[in-house]
Each structure stands twice: as structure tokens, then as C-alpha cells.
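> Pasting a predicted model and its sequence here:
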Amino acid sequence: MGQEGGGASGRGRCVGRPAGAPKEDGPSGGQFEYLGTVAAGMADSTEVRELVYLVTGGCGFLGEHVVRMLLQREPRLLELRVFDLHLGAWLEELKTGPVQVTAIQGDVTQAHEVAAAVAGAHVVIHTAGLVDVFGRASPETIYEVNVQGTKNVIEACVQTGTRFLVYTSSMEVVGPNIKGHHFYRGNEDTPYEAVHRHPYPCSKAQAERLVLEANGRKVHGGLPLVTCALRPTGIYGEGHQIMRDFYHQGLRLGGRLFRTIPASVEHGRVYVGNVAWMHVLVARELQQRAALMGGQVYFCYDQSPYKSYEDFNMEFLGPCGLRLVETRPLVPYWLLMLLAALNALLQWLLRPLLLYAPLLNPYTLAVANTAFTVNTDKAQRHFGYEPLFSWEDSRTRTIRWVQAMEGSAR
Ligand SMILES: NC(=O)C1=CN([C@@H]2O[C@H](COP(=O)(O)OP(=O)(O)OC[C@H]3O[C@@H](n4cnc5c(N)ncnc54)[C@H](O)[C@@H]3O)[C@@H](O)[C@H]2O)C=CC1
Ligand SMILES: CC(C)CCC[C@@H](C)[C@H]1CC[C@H]2[C@@H]3[C@H](O)CC4=CC(=O)CC[C@]4(C)[C@H]3CC[C@]12C
């Protein structure tokens, strides 16, 4: 059992050792109408409720959707443990249904806290992570959370006898790489030089490798651990903070956003509801098809159209009154690079006084300017995945969410 092939499923490389890398290798509440009230939408079934699931990062953008999707679509759920550094108040509303929802405030960097949360769980869905490409957190902290935190989750499964682990990886494990190579309609086996320097993709690549290498390890009780990793491309939908940032930026600029990236540079995007559904489905099927799925990676995909990052965002921000100025970038790329570098310098100079973390920095500019799209059916072939939400549905739900933001409804 192993990768279906080499290429994008291969091992990522981190150039040098970014500062902070350890020496050893290494929405909420009512805003998600699609699930309705959890109690009303609870998965009802004749199946026996016997499984205990743990979702780390369960109060995050993706995590909350995974939690709600499990409650609605996993009929065998007896207990759902939601583990997060910052617990959301919306969790309280989930405690009225037939599933025991246990909120656990904890830190994945603390092995004992992870072990206590994992003990007795049948399945762990590990979404917790520090998603930072804006320089908000130090490289050390990014590694501590994303790599050490994942090590702690793996070891907790082994020590306590939990057999099934799903890891939320990222497209960034593959690319865009530091050479700006485009990844055009690629799949899990497409050859690509996955070489990185930034702490975030490096940490995700290391964590993914640890999870996949742990597949087959004997857990307490003598049975094998079964792991897999899901690689979402840019996730959008209710609760997406970067979309919120773009919207506010547009409002500040009088309803206009200025194109910075050519429309031809397509970036893969996937609706958060479909990513959540893939997590629920893969966690269920991993238990039945361990030999096929164990140790595998799967890109998260749906029917969201291929567009540049900015044009894709306008699918939601346009109906909310914003306009993307010009059909081509107003500012030449060399000037964007200079502005990005100035932002990085300002961030460094201001750090002792305040956190200055604009969207534009050398890394985000490089990533946004490098095409990265996937075209795959591996998840469909291996565990029967089909997107739960059509593009039209995903778009409508995201527009409604933006319109509901700060009363921007038209
Ligand atoms: N947002 C995106 O476009 C993509 C995200 N991903 C991955 O999906 C996962 C979730 O990402 P998002 O929901 O976007 O981020 P998020 O920041 O909204 O959610 C992450 C959650 O993890 C929690 N967390 C952070 N550090 C923790 C710690 N030390 N202990 C316990 N909990 C901790 C946070 O409190 C937060 O609730 C991450 O692993 C990320 O790498 C992958 C591809 C794309
Ligand atoms: C030059 C412009 C100001 C750039 C604005 C867009 C950027 C902020 C975003 C363009 C591509 C995004 C990343 C991509 O979707 C892949 C990602 C995967 C993850 O696992 C986490 C988020 C991200 C790194 C995402 C972050 C924002 C962009 C860089």
C-alpha cells in the first residue's frame, strides 16, 4: 500500500532550514444555513450510534463546517469531541441533539492535552493548524503547531489505541513551488518539484509526511493505525476570513478593488462545504477500505470554476456591490514586487510596536501569480466522493454570507 505514483504525491522539500525549524526533520452559529439547526438536521438513521470522533481545530473556518457536517451526516456518531485552542460560543447550540458534543479547550502542542482528548476516540480528524502566510506568527510557532502538534496527535492515537486518522493537509504541500512552476490541471500523481522555503508550506509538508508514514504503525491493542491526508486548494465559503478582508478592502476603496494578478493565472478553489463533506466521507470509508486508502493523499475538489484568485473572489463580491477595476493589472509586476518587499520591511520594522500584516507580501504575490489548478477523480475512485454542493449552490451560499456580513444585504 503506498502512493499511487510519484509526482505530486511525492515528498515535498524545504529549501534550507527556515528559521525556527526544529533541528530534527520536521462560521458560526446561524450563518451556515445549509445545515439548518443542528437538532432539526441531525442525522437520523436506524444505525447504532457507537462511534466517538474527535475534530481538532473544530472551531476554525473549516473545522466548524466539519463539526456541523458530521452531526448531520454521520449516523453512527455517539460522541463528537471538538478540540480547539479557542472554543466558539456556537458550540452550546449543538448540545440539544442525540449526539453528545464535548467541547475541549486545548493546545495541540501540549502532548498530554492531546492524549486526553484522543483517548477513547475511534476517529480523529486533525484540522488544527496555524494558517499563516502573512507573517503574523513566527516560523517557530508555525512549526510548533503544525509539525509538533501533528506529531502529538499521531503519538496520542498510537498510545491510546485510536485507529483512524484523517489529516487536513494543503495544496501548498505541492505548490506553487519557490521556482514559480505552474501546476496546470494536475492530480495526485502529476510530476512536480515540490520545493518550498516559506514556513507554512514547509510545516504542512512535514506534517503530511509524518501522517502518511505513520500509516500501519501498531496502536495500543496491536491493530494498525490507518491514516490519510486531504489536500484542499484555496477554500472559500461562509466564514472565510480572507474573503472578509477583501470585502472590507473594497468598501474602504469606494466599492473598487484593483486587479493585481493577470486574469490568466488560474488558482484552484474549493467550497468549504464540499471540503467538510470529503472529510466526513473519507473518515467513514477509511474504516472500510484501509488497504486501499491507508497512507494515501487526496486533493479536495468540486465544480468551482478555474479563475484567477481575484476574479474568483468577484463571483461573490460583485453581487455585493464591489467592482474589480481594469481587465489587466494597473501596476507592473516589478512595482508589485517592490511594494510587497516594502510591506515585508515595514512589518519587520513595526513588529516591536504593532502587527502590520497586509495581504500583499513577497510570498502571497508569488503564490497568487503562479497558476495552480487540479483536475482529479482519485477521491471518487477510492471512496466514492461526489461534491455535495454544486457550484451554483456554493456560490449562492457564499454570496448570502457576504451580504449578511455587517448588514451589507442589498
Ligand atoms: N483556508 C484554506 O484555504 C486552507 C486551509 N487548509 C488547512 O485546513 C486547516 C484549517 O484551516 P482553516 O480553517 O482555514 O484555519 P483556521 O485558522 O480558521 O482554523 C484553524 C483552527 O485551529 C485552531 N488552532 C490553532 N492552533 C491551535 C493549537 N495550538 N491547538 C489547538 N487548536 C489550534 C484555531 O484556533 C482554529 O480554530 C488547516 O490545517 C489548514 O492548513 C488547507 C488548504 C486550504
Ligand atoms: C497579490 C495579492 C495581494 C494576493 C492576494 C491573494 C492572496 C492573499 C491569496 C492568493 C493565493 C492564496 C493561498 C492559496 O489559496 C493556497 C493556500 C492554501 C492554504 O493551505 C492556506 C491558505 C493559502 C496559502 C492561500 C492564502 C491566500 C493567498 C496567498
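Noted; the coordinates are in hand. Ligands and ions are numbered 1, 2, ... in the order given.

> Would you pull up the residue in the stretch 101-250 of the chain closest to ligand 1?
For the stretch 101-250 of the chain and ligand 1, the shortest gap (C-beta to the nearest ligand atom) falls at residue 129, measuring 2.9 Å. Quick note: C-beta positions are derived from backbone N, CA and C, even for glycine.

> I should have written the stretch 1-150 of the chain there, sorry.
Closest to ligand 1 within the stretch 1-150 of the chain is residue 60: 2.1 Å, counting by C-beta to the nearest ligand atom.

> Skipping its backbone neighbours, what lies nearest that residue in space?
In space, not counting the residues next to it along the chain, residue 60 is nearest to residue 127; the distance is 6.3 Å by C-beta to C-beta, 6 or more residues apart in numbering.

> Could you tell me which residues make contact with that neighbour?
Listed by C-beta atoms under 8 Å, 6 or more residues apart in numbering, the contact set of residue 127 reads 55, 56, 57, 58, 60, 62, 63, 66, 168, 279.

> Filter those residues down to just the ones in helices.
62, 63, 66, 279 (DSSP state H).

> What about the last one, how many residues nearby?
Residue crowding around residue 279 was assessed by other C-beta atoms under 10 Å; the count is 25.

> doesn't residue 165 make contact with it?
No: using C-beta atoms under 8 Å, residue 279 is not in contact with residue 165; the gap is 11.8 Å.

> The residue of the stretch 101-250 of the chain closest to ligand 1: how many residues sit nearby?
Taking other C-beta under 10 Å as the neighbour definition, residue 129 ends up with a count of 26.

> Which part of the protein gets nearest to ligand 2, residue-wise?
Of the chain, the residue with the smallest distance to ligand 2, taken as C-beta to the nearest ligand atom, is residue 234 at 2.7 Å.

> What about that residue, how many residues nearby?
For residue 234, the tally of surrounding residues (other C-beta under 10 Å) stands at 20.

> circling back to that earlier point, is the residue of the stretch 101-250 of the chain closest to ligand 1 in a helix, a strand, or coil?
coil (DSSP: H, G, I helix; E, B strand; the rest coil).

> Find the nearest non-adjacent residue to it, please.
Of all residues beyond its chain neighbours, the one nearest residue 129 is residue 146 (5.1 Å), with distances taken as C-beta to C-beta, 6+ apart.

> Check residue 160 too.
With C-beta to C-beta, 6+ apart as the measure, residue 119 is the residue that lies nearest to residue 160, at 4.3 Å, once sequence neighbours are left out.

> Repeat that for residue 202.
Leaving aside its sequence neighbours, residue 202 is closest to residue 14 (3.9 Å, by C-beta to C-beta, 6+ apart).

> Quick one: residues contacting the closest residue to residue 128 other than its chain neighbours.
Taking C-beta to C-beta, 6+ apart as the measure, residue 128 lies nearest to residue 57, with 3.2 Å between them; neighbours along the chain are not counted. Contact partners of residue 57, counting by C-beta under 8 Å, 6+ apart, are 63, 83, 84, 108, 126, 127, 128, 129, 168.

> likewise residue 246?
Counting by C-beta under 8 Å, 6+ apart, the residues that residue 246 touches are 257, 313, 317, 359.

> I'd like to know how many residues surround the spatially closest residue to residue 320 that is not a sequence neighbour.
Distances taken as C-beta to C-beta, 6+ apart put residue 402 closest to residue 320, at 4.8 Å, once the chain neighbours are dropped. Residue 402 sits with 23 neighbouring residues when counted by other C-beta under 10 Å.

> Run through the residues that contact residue 402.
243, 247, 316, 317, 320, 408.

> Residue 240 too?
The contact partners of residue 240, by C-beta under 8 Å, 6+ apart, come to 61, 272, 398.

> and the ones in helices among the contacts of residue 127 as JSON lines, adding pLDDT?
Listed next are the ones in helices among the contacts of residue 127 as JSON lines, based on pLDDT from 0 to 100:
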{"residue": "62", "pLDDT": "98"}
{"residue": "63", "pLDDT": "98"}
{"residue": "66", "pLDDT": "98"}
{"residue": "279", "pLDDT": "98"}
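
> between these, which is closest to residue 180?
Proximity of these to residue 180 was ranked by C-beta to C-beta; the top entry is residue 62 with 27.2 Å.

> what sits against that closest one?
Counting by C-beta under 8 Å, 6+ apart, residue 62 has contacts 127, 168, 232, 235, 272, 275, 276.

> How about residue 290?
With C-beta under 8 Å, 6+ apart as the criterion, the residues that contact residue 290 are 224, 226.

> Model confidence at it, what's the number?
Taken from the predicted model, the pLDDT recorded for residue 290 is 97.

> go on, residue 49?
Among the per-residue scores, residue 49 shows a pLDDT of 86.

> so it touches residue 74, yeah?
No: between residue 49 and residue 74 no contact is recorded; they are 9.5 Å apart, counting by C-beta under 8 Å.

> The two - which one has more neighbours?
Taking neighbours as other C-beta under 10 Å, residue 49 and residue 74 compare with residue 74 leading, 21 against 15.

> From residue 272, how far out is residue 56?
Using C-beta to C-beta, to the nearest Å, one gets 17 Å for the distance from residue 56 to residue 272.

> now check whatever helix or strand residue 394 lives in, is it near ligand 1?
According to DSSP states H and E, residue 394 maps onto helix 391-404. No: taking C-beta under 6 Å from any ligand atom as the criterion, helix 391-404 and ligand 1 are apart, separated by no less than 13.3 Å.

> Okay, buried residues for that helix please.
Buried residues in helix 391-404, counting neighbours by 16 or more other C-beta atoms under 10 Å, are found at 393, 394, 395, 397, 398, 399, 400, 401, 402, 403.
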